[in-house]
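S.K.: With the sequence up front, the predicted model follows.
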Amino acid sequence: MKNQTTPARVRFAPSPTGHLHLGGARTALYDYLLAKQSGGQFILRIEDTDRRRLVAGAEEELMSGLRWMGLIWDEGPDVGGACAPYRQSERQDIYLAHARTLIEGGHAFYCFCTPERLAEVRQQQQKRKQPPHYDGTCRNLSLEEAQKRIDCGERHVIRFKTPQEGSTSVVDLLRGEITVANATIDDYILVKSDGWALYHLAATVDDHLMGITHIIRGSEWLPTFPLHGLIHRAFGWEEPVWVHLSVFLKPSGKGKMSKREAADLNQDGYSIFIKDLQRLGYLPEAVVNWVALMGWSYDDHTEFFTLADLIEKFDLKRLNPSPAAINFSKLDHFNGLHIRSLAPDDLAKRLQSYFEESGLRVDPARLEKIAPIIQERIATLDEAPEIAGFFFRDTVEPAGDDLVPKGMSSAEALDVARRSYQVLQGLPAVGVEAAEAPMRQLVEELGLKAGQVFGILRVAVTGQRVSPPLFESMAIMGRETVLQRLRNAIQILESMASKQG
RNA sequence: GCCCCCAUCGUCUAGUGGACUAGGACGCAGCCCUUUCAAGGCUAAAACCGGAGUUCGAAUCUCCGUGGGGGCACCA
């Protein structure tokens, strides 16, 4: 049993400022897997301390995306839990109290520097090719003096008092020990002048108070990782296990995806946003499988995983620290794999809305018969109406050119259609058992290839050159519809043949 | 500019000093199957960033380059 012996408490802590995307989805997945395989808890915490960046509806979208993927949280803003509240905007007094503790312990200080002066300092530092850093003006103000200025109503922030000497080492599970000189760590702001805590303080405090055992987050946090270690130590808290996931690169492998590029992707039927993937006909099972494997592997040959498989097999230690390019064709592959592994009636249920959205009235019983014959022909659910919409239309309008196979005249095609009609009309049913043998016999009599005759028939009854298997399709349509559509095709061919003279 | 991280086929990856003629998957190409399209089966092409070192032996360890990525906000 390689599973964690002690239950892990793991949190997914997004800020509600946009759509749930692939990166967030993967982090949440790994969080969930670790929690579930260890018998621990998966916690959803909303990091909404930046009030200006809030996006209406983002929190709800986040939750519905997670639910869609099957990542159900044990504690969170909607379901509550022992460590409530789970929205940082509702925990401000907690952060303030902790900031105060830090100040009293000499690990933080009040800073009255104006943004304008700071900007100037930064500019000069950059001119001297120095890293932009707080210049320490308020670092050694006495608490009494600071208090006096606060009482006078002077605007202030609270900064972390980073040690100026020595170095700090922190340990990332995947990268090992990371050591940086303290001189390179800024005196980061912990609490803004409007009283709202910033990530560095809020997340650290919450992770401790909520008993988080493993922090899984993006590698964009690596630069401030030593600071977070320092804050934990300043409080005297035990550190959790830190895991920094690699970033996702655009499919070309060159750089992170920009907003613009993310939007353009939609034109190709892809997206990095979960809500789009859902609409584009991807199965949550496929997205989960695909995303799990972007930066994690099990062995050298297993790639098909259900969520339950992943819970059993996921292992933090097999995470890959190097950046990974997003490979959408592999998503299509996994989607096909998962579509084919669905029970036909399950597939039919999932297909229903896609047919309806393309304006078709769908009979569920008929859809259940169709599901098995299109199951291995669709890569995404939204392709189904395109390939099987003809089942639900009253009539089909085959293009005249499609009714005439290459190398055949319209008169010849007409003859084939008429002979086919005669054969089918004399049959009690038009399915594989009843109709295939007689039709093959006709093919032989006509001295043609099966593809030629079946091709004409296919276009006549489906209106398409490409369709699910012919006789299976005809069986579902029913004898009357088949004959009616064939009559219609014969009429089209008649007018073509007469025009040609 | 400064700090940090990363480095195996086009892409995702296996590989933790000898079992490597470097394995799998996607994609691509060909073949088979076949009433179309798929699915499936088979085959092919395709990679250890470079240089030093350690070692009997290096894809694997060390160092230096190079390349790529991330970060340097009163955002997260």
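M.R.: Sure, I can see it. Numbering: from 1, shown residues only, chains lettered A, B, ... in the order given.
S.K.: can you list the weak-confidence ranges in the stretch 401-501 of chain A?
M.R.: A:501 (pLDDT under 70).
S.K.: Flag every residue of it that's near RNA strand B.
M.R.: A:432, A:436, A:450-451, A:454-455, A:458, A:465-472 (Cβ under 7 Å from any atom of the strand). Heads up, the C-betas are built off the backbone N, CA and C, glycines and all.
S.K.: A:Ile370: which of those residues is nearest?
M.R.: A:Pro468 (7.5 Å; Cβ to Cβ).
S.K.: Could you report the distance from A:Pro77 to RNA strand B?
M.R.: Here the criterion is Cβ to the nearest atom of the strand, to the nearest Å. By it, A:Pro77 lies 14 Å from RNA strand B.
S.K.: tell me the contacts of A:Asp276?
M.R.: For A:Asp276, the contacting residues are A:Asn266, by Cβ atoms under 8 Å, 6 or more residues apart in numbering.
S.K.: where does it fall, helix, sheet strand or coil?
M.R.: Under DSSP: H, G, I helix; E, B strand; the rest coil, the three-state class of A:Asp276 is helix.
S.K.: On the three-state scheme, whatever residue of the stretch 151-300 of chain A ends up closest to RNA strand B is what?
M.R.: Proximity to RNA strand B, evaluated over the stretch 151-300 of chain A using Cβ to the nearest atom of the strand, is greatest for A:Lys256 at 2.9 Å. Under three-state DSSP, A:Lys256 falls in the coil class.
S.K.: quick one, phi/psi of it?
M.R.: Per-residue torsions, A:Lys256: phi -80, psi 150 (degrees, to the nearest 10).
S.K.: got the contact list for it?
M.R.: A:247-250.
S.K.: Measure how buried A:Arg53 is and give me the count.
M.R.: A:Arg53 is flanked by 12 other residues according to other Cβ atoms under 10 Å.
S.K.: Kindly provide the distance from it to RNA strand B.
M.R.: A:Arg53 is 5 Å from RNA strand B, by Cβ to the nearest atom of the strand.
S.K.: Distance of the closest residue to that residue other than its chain neighbours relative to RNA strand B?
M.R.: Nearest-residue entry for A:Arg53: A:Thr17, 4.6 Å, with adjacent residues in sequence omitted and distances by Cβ to Cβ, 6 or more residues apart in numbering. Applying Cβ to the nearest atom of the strand, the value for A:Thr17 to RNA strand B is 7 Å.
S.K.: doesn't A:Gly153 fall inside a strand?
M.R.: No - per three-state DSSP, A:Gly153 lies outside any strand segment and is coil.
S.K.: who touches the closest residue to A:Gly463 other than its chain neighbours in this structure?
M.R.: Nearest non-adjacent residue to A:Gly463, counting by Cβ to Cβ, 6+ apart: A:Val396, 3.0 Å away. Applying Cβ under 8 Å, 6+ apart to A:Val396 gives the contacts A:390, A:461-464, A:485, A:488.
S.K.: what do you get if the cut-off is 6 Å, keeping everything else the same?
M.R.: Neighbouring residues of A:Val396 by Cβ atoms under 6 Å, 6 or more residues apart in numbering: A:390, A:463, A:485.
S.K.: do the same with A:Glu145
M.R.: Here A:Glu145 is in contact with no residue (Cβ under 6 Å, 6+ apart).
S.K.: That one: which element?
M.R.: Secondary structure assigned from DSSP states H and E places A:Glu145 in helix A:143-151.
S.K.: next one: A:Pro251
M.R.: Counting by DSSP H and E, A:Pro251 is part of no helix or strand.
S.K.: Hmm, A:Ser329 and it touching each other?
M.R.: No - look at A:Pro251 against A:Ser329 with Cβ atoms under 6 Å: they stay out of range, at 8.8 Å.
S.K.: Helices along the stretch 201-350 of chain A, start to end?
M.R.: A:225-235, A:259-265, A:274-279, A:284-292, A:307-313, A:328-340, A:344-357 (DSSP state H, counting those that start in this stretch).
S.K.: In the stretch 301-450 of chain A, what residue lies closest to RNA strand B?
M.R.: The nearest approach of the stretch 301-450 of chain A to RNA strand B comes at A:Ser322, 2.9 Å away (Cβ to the nearest atom of the strand).
S.K.: Report how many residues lie close to that residue.
M.R.: 9.
S.K.: So for it, what's the nearest residue that isn't a sequence neighbour?
M.R.: A:Ser246 (5.8 Å).
S.K.: How about the contacts made by the one you found?
M.R.: Counted by Cβ under 6 Å, 6+ apart, A:Ser246 has contacts A:219, A:295, A:321-323.
S.K.: at 10 Å what do you get?
M.R.: Counting by Cβ atoms under 10 Å, 6 or more residues apart in numbering, A:Ser246 makes contact with A:23, A:26, A:174, A:218-219, A:294-295, A:319-324.
S.K.: measure it to A:Asp172 for me?
M.R.: A:Ser246 is 11 Å from A:Asp172, where distance means Cβ to Cβ, to the nearest Å.
S.K.: list the residues that contact both of the two?
M.R.: With Cβ under 10 Å, 6+ apart as the test, A:Ser246 and A:Asp172 both reach A:219, A:321.
S.K.: hang on, the earlier thing: CSV for the contacts of A:Lys256, including neighbour count, distance to A:Asp300 and pLDDT?
M.R.: Below are these laid out as CSV (neighbours: other Cβ atoms under 10 Å; distance: Cβ to Cβ, whole Å; pLDDT from 0 to 100):
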residue, neighbour count, distance to A:Asp300, pLDDT
A:Val247, 16, 25, 90
A:Phe248, 21, 23, 92
A:Leu249, 15, 23, 90
A:Lys250, 16, 27, 89
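S.K.: returning to what we had before: show me the contacts for the residue nearest to A:Arg53.
M.R.: A:Thr17 sits next to A:47-48, A:50, A:52-55, A:58-59, A:62 when contact means Cβ under 10 Å, 6+ apart.
S.K.: Check those residues and tell me the two furthest apart.
M.R.: A:Arg52 and A:Leu62 (18.4 Å).
S.K.: More neighbours: these two, which one.
M.R.: A:Leu62 (24 against 6).
S.K.: so that one sits right up against A:Pro16, yeah?
M.R.: Yes - between A:Leu62 and A:Pro16 there is a contact at 6.3 Å, judged by Cβ atoms under 10 Å.
S.K.: joint contacts of the two?
M.R.: A:Ile46.
S.K.: contact partners of the worst-scoring helix or strand of chain A on mean pLDDT?
M.R.: Across the helices and strands of chain A, mean pLDDT, DSSP states H and E gives its lowest value to helix A:259-265, namely a mean of 84. Helix A:259-265 has contacts (Cβ under 10 Å, 6+ apart) with A:18-19, A:21-22, A:250-252, A:255, A:257-258, A:270-273, A:276, A:326, A:328.
S.K.: Among the residues you listed, name the buried ones.
M.R.: Buried members of these, counted by 16 or more other Cβ atoms under 10 Å: A:19, A:21-22, A:250-251, A:257, A:270-273, A:276, A:326.
S.K.: any idea how far A:Val55 is from the residue of the stretch 151-300 of chain A closest to RNA strand B?
M.R.: According to Cβ to Cβ, A:Lys256 stands 20 Å off from A:Val55.
S.K.: Now do the contacts for A:Ser467.
M.R.: A:373-374, A:377, A:387-388, A:390-391, A:458-459, A:461, A:473.
S.K.: now do A:Trp237
M.R.: Applying Cβ under 10 Å, 6+ apart to A:Trp237 gives the contacts A:204-205, A:207-209, A:231.
S.K.: so where do the strands sit in chain A?
M.R.: A:9-12, A:41-44, A:108-111, A:157-160, A:167-172, A:176-181, A:189-191, A:214-218, A:241-245, A:248-249, A:324-325 (DSSP state E).
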